[in-house]
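1. below: sequence and its predicted model.
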Amino acid sequence: MFSTAKRLGTRAVLAGALTVSGAVPGALAQGVLRIGMTASDIPLTTGQADNGGEGMRFTGYTVYDGLVNWDLSSADKPSDIVPGLAESWTVDPSDRTKWTFKIRPGVKFHDGSDFTAESVVWNLDKLLKNESPQYDPRQSAQGRTRIPAVASYRALDPMTLEVVTKAPDATLLYQLAWIMMSSPAQWEKLGKSWDAFAKTPSGTGPWKMTLFAPRERAEMVPNANYWDKARVPKLDKLVLVPLPEANARVAALRSGQVDWIEAPAPDAVASLKSAGFKIVTNAYPHNWTWHLSRIEGSPWNDIRVRKAANLAIDREGLKELLGGLAIPAKGFMPPGHQWFGKPTFDVTYDPEAAKKLMAEAGYTPQKPLAIKVGISASGSGQMQPLPMNEFVQQSLAEVGFKVDFEVVEWNTLINIWRAGAKADISRGVSAINYSYFIQDPFTGYIRHLQCNLAPPNGTNWGYYCDPAMDKLFDGVRNAFDKSEQEKVLKQVHEKFVDDALFVMITHDVNPRAMSAKVKGFTQAQNWFQDFSNITMATAGR
Amino acid sequence: MLLYILKRLLYVTPVAFGVSVVCFALVHLAPGDPLSAVLPADATQATIDEMRAAYGFDKPLPVQYAIWLWHVLQGDLGISIATGRPVLGEVSRAVVNSLILASVATLIGFTFGTLFGFVAGYHRNSILDRAASALSVFGVSVPHYWLGMVLVIIFSATLGWLPPTGAGPDGSGNWRPDFEHLRYIILPAVTMSVIPTGIIARTVRALVADILSQDFVEALRAKGMNEWGVFKHVVRNAAPTALAIMGLQLGYLLGGSILIETVFAWPGTGFLLNAAIFQRDLPLLQGSILVLAMFFVGLNLIVDVMQTALDPRIERA
């Protein structure tokens, strides 16, 4: 079956590509969208994708669903979570660790088997239960860390699932939005092999994968029976091509080999625009920051120094340096985010105020405060770390900082980040430049700031510990009413900004370049995107 | 002769062993955690330890080497950490693609290098000679990746004549000798051919100039041989050296060019090595380097045996 599908798919693409690659100029195949990804390989296709946010975007949320999904329909407001394979859920008021999920009826996997509460149990075992036959270390590595709250789970009946958390935790839904549901029947049919499953995956998502050619391409066609009729894809086919080299991606777009590329290099944006390509950007929960060490003796323990650094940076100038592809930070969350709140400390460019604060702390441009910062030369989500950090270094020098950089390779910086500011590997730096995925309360705040999540228990790199903040986190976990939770999350952000916990610098805008033929794409304020409403026009570049 | 071949095969064994040690040790000396390719950045220590054990990275290096070598001897290069696929399959496919690209590039290089060399050698110190020499110097000096990008800008982005990336229209790594696939190989092959073109042109020019100044050419002309006849004699005398240079160039190109294959997303060994390096995919890196190194060891063996067959004095030496 796979080989037939592959042959058909290959023929179709060959026919399509023959027309688009220049042999018959202008006769573009209708309804085929080809995307050049930054990944060097097709991300893992078995459910829990690898390759970070890009992997989940292209082979996670396309082929699969979670119990809860992200609402990716709006470009105007930050995305929120919505019911997915679970149509509703309740929390036991007498024991708030007990969650009951009602499974959406009538949902089928791409192989035709039914999606039930047992399917969810099977998928959670796949990630969490090492002794289960379907346990997959590769998927577990991606998924296990996403659901730290889960203690146990069971199917109460085919359409009812119970999940018990280790402690009351209202952030469970955000955690479950990471967990993709693969088909147990397909895995059984393929001889219980995840390698075979990777070639012919089966989920419940809006796209069915029809071709998987490692390192070359993946092809998907619409799942006409998708349970959410509003999200049944309009395209005939979606093709994913790994193109890790930025210039190769731009060349592929310009020559018509692909219709859409992820992350065009900032210096290519102007020429792409003038050649008639669209550059689509939007705010999304990303933060490019300096994470500060708060261990004993760190200069950042002085709030005047932290505030001065935040006031010293010319963020508009930095945005200009990036060709406009950035949103200057006004806090840790992007401006307009539903958790932004009303902080009293205005994160702005005010070098005179910064100098005054530094003078109060005992430093001047003539007698500067020497600090060492760990940075990488490149890395996922790191934007353009070298010129950006040099820009920040210059801004800080004007108010009384003398910044030295410890430049390390990206994976080494990740290891430093895991090990914590006290570890030898951190080489005595008092800050690291890091980009954060801040889409949910745990990954956005708690993991960086909760007292008991300092290494090795978590990634509170700077050993920040404030009982007042921990109390707010308890409030987040115990706020089961959505508006109540939002209220607490606003308080968290207000405290974050007012205490100037990090040097808040900028947010990426998730740029992608595409042909004018691509119609109907709404870039959600999210790391993930919905490709369902996209169509391809027949004319234009 | 048979004894000589057996002796040479025996010599290859310690060389191959040394190569395997170097391949294994080199990738372990490089900084970075191989598990970073498969683990999310915020993976817990427990997950990291579990994965380390699953891939055998928790064992001492000599034990890891022994296990790896034992599998290699059975034809198993391991499983790629980043993709979960067998390394042997990935490397075999990449070697074939690099072989195709290198062969086409060598063919272009040999054709144009020989042409420029003969023209320059026949017209020493003329404008043609200077032009051919300038082209040769350009070929040897120009940075590959820069030329590749310029060609992409001209022929793909601006003129839209040729595709800039990949090995075929279906994204397939299985290159086929048909018109459509030929379009995909032109730009990377031309980019790759500039160095062999330059080197072969300079070599052939010197050879032709030298041969033309020899007495036997004068004698041939004095006997009344026409220029076509003389040309055939010059070609016959220049061919062995030119062929040897071409063979060497093919050998160099077979290793794949990381820069060219990355710029053109050509699915060969260079592209594979680039991905393996950036993902810290140790099994893939070890497997790719080992296969390439063993390829050269094998190539040397074949050359030695062939030389002995052609000139028995080598065996005696």
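-> Now that the structure is in, tell me what you want to look at. Nothing here was measured: the structure is a model prediction, and the numbers come from that model.

2. from residue A:231, how far off is the nearest residue in space to residue A:260 that is not next to it in sequence?
-> Distance criterion CB to CB, 6 or more residues apart in numbering or on different chains; nearest residue to residue A:260, sequence neighbours excluded, is residue A:514 at 4.1 Å. All C-beta atoms are positioned from the backbone trio N, CA, C, and that covers glycine. Per CB to CB, to the nearest Å, residue A:514 is found 20 Å from residue A:231.

3. between these two, who's got more neighbours?
-> Set side by side, residue A:514 and residue A:231 show more neighbours around residue A:514, with 23 against 20, by other CB atoms under 10 Å in any protein chain shown.

4. so residue A:195, which state does it fall into?
-> With DSSP: H, G, I helix; E, B strand; the rest coil as the basis, residue A:195 sits in helix.

5. cool, the one 3 residues further on as well?
-> At residue A:198 the chain is in helix, as set by three-state DSSP.

6. tally of neighbours for it?
-> The number of residues packed near residue A:198 is 22, by other CB under 10 Å.

7. swap in residue B:111?
-> Residue B:111 has 13 nearby residues by other CB under 10 Å.

8. looks to me like it is in a helix.
-> Yes - per three-state DSSP, residue B:111 lies within a helix segment.

9. where's it relative to residue B:117, distance?
-> 11 Å.

10. what does residue B:260 give?
-> Looking at residue B:260 against residue B:117, where the rule is CB to CB, the gap reads 24 Å.

11. thinking again about what came up before, pretty sure the residue nearest to residue A:260 is touching residue A:262, no?
-> No - the criterion here is CB atoms under 8 Å, and residue A:514 misses it with residue A:262 at 9.9 Å.

12. quick one, which of residue B:260 and residue B:117 is more surrounded?
-> Using other CB under 10 Å as the criterion, residue B:260 and residue B:117 rank with residue B:117 on top: 27 against 24.

13. next, the contact list for that one, please.
-> If you count contacts by CB atoms under 8 Å, 6 or more residues apart in numbering or on different chains, residue B:117 has them with B:132, B:200-205, B:207-208, B:242.

14. do that again at 7 Å, thanks
-> Going by CB atoms under 7 Å, 6 or more residues apart in numbering or on different chains, residue B:117 touches B:200-201, B:203-205, B:208.

15. poorly predicted segments of the chain, please.
-> Using chain A here. In the predicted model, chain A carries pLDDT under 70 at residues A:1-30, A:539-541.

16. other chain: chain B
-> B:30-33, B:36-38, B:41, B:170-174, B:255-256, B:307, B:310-317.

17. how much space between residue A:206 and chain B?
-> Going from residue A:206 to chain B by CB to the nearest CB, to the nearest Å gives 22 Å.

18. ignore the last one, residue A:257
-> Distance, residue A:257 to chain B, by CB to the nearest CB: 5 Å.

19. any part of stretch A:42-56 near chain B?
-> Yes - for stretch A:42-56, a contact with chain B is found by CB under 7 Å from any CB of the partner chain, at residue A:50.

20. just how off-centre is that stretch within its chain?
-> 11 Å (CA atoms, centre = their mean, to the nearest Å).

21. any buried residues in it, and which?
-> The neighbour-count check on stretch A:42-56 (16 or more other CB atoms under 10 Å in any protein chain shown) flags A:42-56 as buried.

22. show me which residues of the stretch 401-541 of chain A sit near chain B.
-> For the stretch 401-541 of chain A, the residues in contact with chain B (CB under 7 Å from any CB) are A:409, A:411-412, A:414-415, A:447, A:456, A:459.

23. now with 6 Å, please.
-> Contact residues, the stretch 401-541 of chain A versus chain B (CB under 6 Å from any CB of the partner chain): A:411, A:414, A:456, A:459.

24. tell me the buried residues within those.
-> A:411, A:414, A:459.

25. re the thing from before, any idea how far the residue nearest to residue A:260 is from chain B?
-> Counting by CB to the nearest CB, the separation of residue A:514 from chain B is 16 Å.

26. beta partners of that residue?
-> Residues in a beta bridge with residue A:514, per DSSP bridges, are residue A:260, residue A:278.

27. pretty sure it contacts residue A:258?
-> No - using CB atoms under 6 Å, residue A:514 makes no contact with residue A:258, being 9.1 Å away.

28. residue contacts, residue 261?
-> No chain specified, so I'll use chain A. A:36, A:249, A:253, A:513 (CB atoms under 6 Å, 6 or more residues apart in numbering or on different chains).

29. not what I meant, chain B
-> Residue B:261 is in contact with B:268, B:270-271, counting by CB under 6 Å, 6+ apart.

30. re the thing from before, keep only those of the buried ones among the residues of the stretch 401-541 of chain A next to chain B that are in strands.
-> With DSSP state E as the criterion, strands contain none of those.

31. sorry, back to before: farthest pair within the contacts of residue A:261?
-> The distance between the two most remote of the contacts of residue A:261 (CB to CB) is 9.3 Å, for A:36 and A:513.

32. so residue A:137 touches residue B:53, yeah?
-> No - the pair residue A:137 / residue B:53 is not scored as a contact, 9.8 Å apart, by CB under 6 Å.

33. neighbour count winner among the two?
-> Shown here are residue A:137 and residue B:53; by other CB under 10 Å, residue A:137 has more neighbours (19 against 12).

34. kindly provide the distance from the nearest residue to that one once chain neighbours are set aside to residue B:63.
-> Excluding its sequence neighbours, the residue lying closest to residue A:137 (CB to CB, 6+ apart) is residue B:54, at 5.1 Å. Distance, residue B:54 to residue B:63, by CB to CB: 16 Å.

35. more crowded one of the two?
-> residue B:54 (17 against 11).

36. ok so, going back, just name the closest of the buried ones among the residues of the stretch 401-541 of chain A next to chain B to residue B:283, please.
-> Among those, and counting by CB to CB, the member closest to residue B:283 is residue A:411, at 16.8 Å.
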